[in-house]
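Enquirer: below is the structure, and that's it, no one-letter string:
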């Protein structure tokens, strides 16, 4: 049963990743909505840089400015993802899709 749950969870994460809204700039994120206290940004990979439709729409924390990833690991930052996915991107804490 644990294996079934693990495989199902992995499939859900994969499908969510594959169907993530692609973007070039923040204004391209028309289908992504965020909860109160968050806003939509277009995240590009650090390796590839900003490319046409090369980013994914993610939600960033409002009212908190970061300069390093460890700041986004603080328990006071309400990001709903595993620590491995928490990053500081353009001065905002996000759950990275890369």
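Expert: Noted; the coordinates are in hand. In this text the structure is predicted, and so the values were computed from the model without any measurement. Numbering: from 1, shown residues only.
Enquirer: which element is residue 87 on?
Expert: strand 86-89 (DSSP states H and E).
Enquirer: which secondary structure elements does the helix or strand just after that strand contact?
Expert: Where DSSP H and E defines the elements, the next helix or strand beyond strand 86-89 is strand 92-95. Here strand 92-95 touches strand 38-43, strand 55-61, helix 69-72, strand 86-89, going by 3 or more CB pairs under 8 Å, 6 or more residues apart in numbering; DSSP states H and E. (Each C-beta comes from the backbone N, C-alpha and C, glycine too.)
Enquirer: any idea which of the ones you listed gets closest to residue 31?
Expert: Among the helices and strands packed on strand 92-95, the nearest to residue 31 by CB to CB is strand 55-61 (7.6 Å).
Enquirer: sorry, back to before: deepest-packed of the helices and strands packed on strand 92-95, please.
Expert: Most buried of these by mean neighbour count (mean count of other CB atoms under 10 Å) is strand 55-61; its value is a mean of 22.
Enquirer: quick one: average pLDDT of it?
Expert: Average pLDDT, strand 55-61: 93.
Enquirer: I'd like the helices and strands packed on strand 92-95 laid out as a markdown table, including distance to residue 98.
Expert: Conversion of the helices and strands packed on strand 92-95 to a markdown table gives the following (distance: least, CB to CB, whole Å):
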| stretch | distance to residue 98 |
| --- | --- |
| strand 38-43 | 7 |
| strand 55-61 | 8 |
| helix 69-72 | 13 |
| strand 86-89 | 8 |
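Enquirer: which stretch among the ones you listed comes nearest residue 80?
Expert: Across these, closest to residue 80 is strand 55-61 (CB to CB), at 9.0 Å.
Enquirer: residues contacting the residue nearest to residue 97 when sequence neighbours are not counted?
Expert: Leaving aside its chain neighbours, residue 97 sits nearest to residue 56 (4.2 Å; criterion: CB to CB, 6 or more residues apart in numbering). With contact set as CB atoms under 8 Å, 6 or more residues apart in numbering, residue 56 has these partners: 20, 21, 22, 23, 42, 43, 97, 98.
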